[in-house]
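In: Only the shape, not the letters, is given here:
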């Protein structure tokens, strides 16, 4: 079995300087982000909600139909 040299063993944990660097990098990257305008945000949120409701209704109708079909075929009514 090979022994590891002391220089090859890494310390666990993150130093305070490294954490500060990480957070400053995050802040710098967040400043580069192109954020949506309030109008775009409201429009796209409404669109997502509308599509979600339409899909939920569609899936509900399909589920109801398949349930009736399966009950008719396997149970003979109901």
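Out: Yep, it's here. No experiment lies behind these values; they were computed from the predicted model shown.

In: so where does the residue positioned nearest the centre of the chain fall, helix or strand?
Out: Residue closest to the average C-alpha location in the chain (C-alpha atoms, centre = their mean): residue 48, at 14.3 Å. Assessed by DSSP states H and E, residue 48 sits inside helix 38-70.

In: tell me the average confidence for that helix?
Out: Computed over helix 38-70, the mean pLDDT rounds to 98.

In: okay, now residue 66: neighbour count?
Out: The number of residues packed near residue 66 is 10, by other C-beta atoms under 10 Å. No exception for glycine: its C-beta is placed from N, CA and C like everyone else's.

In: got the contact list for it?
Out: With contact set as C-beta atoms under 8 Å, 6 or more residues apart in numbering, residue 66 has no partners.

In: do the same with residue 23
Out: Applying C-beta under 8 Å, 6+ apart, no residues contact residue 23.

In: okay, it: pLDDT?
Out: 90.

In: For residue 29, see how far away it is.
Out: Counting by C-beta to C-beta, to the nearest Å, the separation of residue 23 from residue 29 is 11 Å.

In: With residue 55 instead?
Out: Distance from residue 55 to residue 29, by C-beta to C-beta: 34 Å.

In: same check, this time on residue 17
Out: Looking at residue 17 against residue 29, where the rule is C-beta to C-beta, the gap reads 19 Å.

In: Compute the number of surrounding residues for residue 32.
Out: 6.

In: quick one: it from residue 26, how far?
Out: Residue 32 is 11 Å from residue 26, by C-beta to C-beta.

In: same deal with residue 72?
Out: For residue 72 relative to residue 26 (C-beta to C-beta), the value is 58 Å.

In: same thing with residue 62?
Out: Residue 62 is 44 Å from residue 26, by C-beta to C-beta.

In: Also residue 51?
Out: 32 Å.

In: swap in residue 37?
Out: Residue 37 is 23 Å from residue 26, by C-beta to C-beta.

In: And for residue 47?
Out: 29 Å.
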